[in-house]
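Student: The amino acid sequence is not available; the structure is as follows:
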DNA sequence: GTGACGCTCTGATCCAGATCAAACGCCCTG
DNA sequence: CAGGGCGTTTGATCTGGATCAGAGCGTCAC
């Protein structure tokens, strides 16, 4: 962890951030969305831009929560594990998503990059100060938090009340819709996570995930493109199989 | 913080809401926690205090989200249902909890009182304006939202990865701890929800909930006080059975 | 007091998905 | 381009919790 941090510090120079902001693909979706030029300048002063390699940990449960992050490229997964190793993946984050706002000063989850990724990092204390001076940004963040709660509620329904097929259908549709909203490719749709990670997200086992995806493929609802992507062939049927609406 | 005497003097000159504020049992935990006298007065002007009877609906999924609410007395449950009637209860809310902050203008869940209850109601637009003028209150709300997300994450782990015994043990400990933090009686601990509602919270069936609670009772980990309350007899064992930490 | 309804409890059986086991395939690397 | 390892797939069997069925039991209306 310590060595990773210093590596990141090295990569994160001031000039990079400004240039990155201008080209930031996530600008449209993230917390910076509502910033005017002056605010942007101030926030910039608090930011470091970090690149993450595939499988890098952004933080782990138990770490002090010194920073908050804005994901700008790539995919990150949030998870929480029980002492005996059972793991629940809480979500797969896409560019624009905000990471690490904790109720207290300790991270309660693990955050791991599933692909190469980039984040903007802010010191919590400084970021809080910025929010205090920029209430509309605080409101924007509140809106984003409320979106996260909505997402969590959908996930709770999936985990508590859906069958295996419904879980997988819901997972695929949700990832597709969120990817689409971020202008990411959806046809085919990238699945950079392993079957095990899909299992830990859907509350199933690897075997059930594999069998269920094969079944959807056999029924010509989806097409599997290698193991790292899917093509949704029949939207309506997948929607109906998802159990929602 | 403004002095207590001036706050009281001010409130005494007001109507029912002001009186209620003075006696508000949830003041210590809710969003008003951080208000000074001036803020309190402004917020007061936006508030209506509503009593709820047992089983009253505060709102239903699909309703326009015109208001936000602060629960000050009693217990409310949030849930979401699938079209075929399967229901997932998302949480049991206690005094101090904030209700109804939605990502858009439509409620996505049902909110129903499990006991007689009281809420403070605010028009959303007016409340948003208040937040804009009072960034520290917005930050307080952000902190509360982040607590809700933490709670949701624990619930996702429960639903996705825990056994029936672990789910019930976790449910009881969580309710007890949250009740305790609100100075509510915990010994015995009130369970105003039905077995069916516990089932819909834990992702189990009524029968499994009943059997599992009976088993915990037979093992002398808990004592059932009628069907509407429990006494935790063996904290350590219940904690171990919960699968967490 | 008594009937009845709704919630809870208990027992018998069933099944979706877990577990156990064993290939398969596709990158890597040497 | 052979070998090894990891992720995935597939098959056989098992089981925790669901489902089905019915019996308590509290409480409320009359």
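Tutor: Good, I have the coordinates. Remember, predicted model here, so these are calculated numbers, not experimental data. Numbering: from 1, shown residues only, chains lettered A, B, ... in the order given.
Student: most centrally placed residue in chain A?
Tutor: If you average the C-alpha coordinates of chain A and look for the closest C-alpha using Cα atoms, centre = their mean, you land on residue A:93, 0.7 Å from that point.
Student: Phi first, then psi, for that residue.
Tutor: Note on residue A:93: its backbone torsions stand at phi -90, psi 140 [degrees, to the nearest 10].
Student: quick one, what contacts it?
Tutor: A:71, A:75-78, A:99 (Cβ atoms under 8 Å, 6 or more residues apart in numbering or on different chains). From N, CA and C alone the C-beta is placed, and that goes for glycine too.
Student: Go ahead and list the helix or strand containing the residue nearest to residue A:73 when sequence neighbours are not counted.
Tutor: Closest residue in space to residue A:73, ignoring its immediate chain neighbours: residue A:118 at 4.1 Å, by Cβ to Cβ, 6 or more residues apart in numbering or on different chains. For residue A:118, the host element (DSSP states H and E) is strand A:117-123.
Student: quick check, distance from that strand to the centre of its chain.
Tutor: Chain-centre distance of strand A:117-123: 13 Å, with Cα atoms, centre = their mean, to the nearest Å.
Student: List the pairing partners of that strand within its sheet, with orientation.
Tutor: Under the criterion DSSP bridges, strand A:117-123 sits next to strand A:47-52 (antiparallel), strand A:67-73 (antiparallel) in its sheet.
Student: quick revisit: need the contact list for the residue nearest to residue A:73.
Tutor: Taking Cβ under 8 Å, 6+ apart as the criterion, residue A:118 is in contact with A:20, A:49-52, A:71-74.
Student: so what's it bridging to?
Tutor: Those that pair with residue A:118 in a beta bridge, by DSSP bridges, are residue A:51, residue A:73.
Student: what residues does chain A put near DNA strand C?
Tutor: With Cβ under 7 Å from any atom of the strand as the criterion, chain A comes near DNA strand C at residues A:163-165, A:203-205, A:207-208, A:226.
Student: could you redo those residues as a markdown table and give each row neighbour count, secondary structure and pLDDT?
Tutor: Written out in a markdown table, the entries for the residues of chain A next to DNA strand C read as follows (neighbours: other Cβ atoms under 10 Å in any protein chain shown; DSSP: H, G, I helix; E, B strand; the rest coil; pLDDT from 0 to 100):
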| residue | neighbour count | secondary structure | pLDDT |
| --- | --- | --- | --- |
| A:163 | 12 | coil | 98 |
| A:164 | 16 | helix | 98 |
| A:165 | 18 | helix | 98 |
| A:203 | 23 | coil | 98 |
| A:204 | 21 | coil | 98 |
| A:205 | 14 | coil | 98 |
| A:207 | 10 | helix | 98 |
| A:208 | 18 | helix | 98 |
| A:226 | 8 | coil | 91 |
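Student: tell me, which of these make contact with chain B?
Tutor: The subset of the residues of chain A next to DNA strand C within reach of chain B, by Cβ under 8 Å from any Cβ of the partner chain, is residue A:203.
Student: Quickly name whichever of the residues of chain A next to DNA strand C is closest to chain B.
Tutor: Using Cβ to the nearest Cβ, residue A:203 is the member of the residues of chain A next to DNA strand C that lies nearest chain B, at 3.4 Å.
Student: now that closest one: how far from residue A:166?
Tutor: When Cβ to Cβ, to the nearest Å is the yardstick, residue A:203 and residue A:166 sit 12 Å from each other.
Student: can you pull the pLDDT of residue A:101?
Tutor: Each residue has a pLDDT score; the one for residue A:101 is 86.
Student: Can you give me the neighbour number for it?
Tutor: Applying other Cβ atoms under 10 Å in any protein chain shown, we find 19 other residues in the vicinity of residue A:101.
Student: so it is in which element?
Tutor: With DSSP H and E as the test, residue A:101 turns up in no helix or strand.
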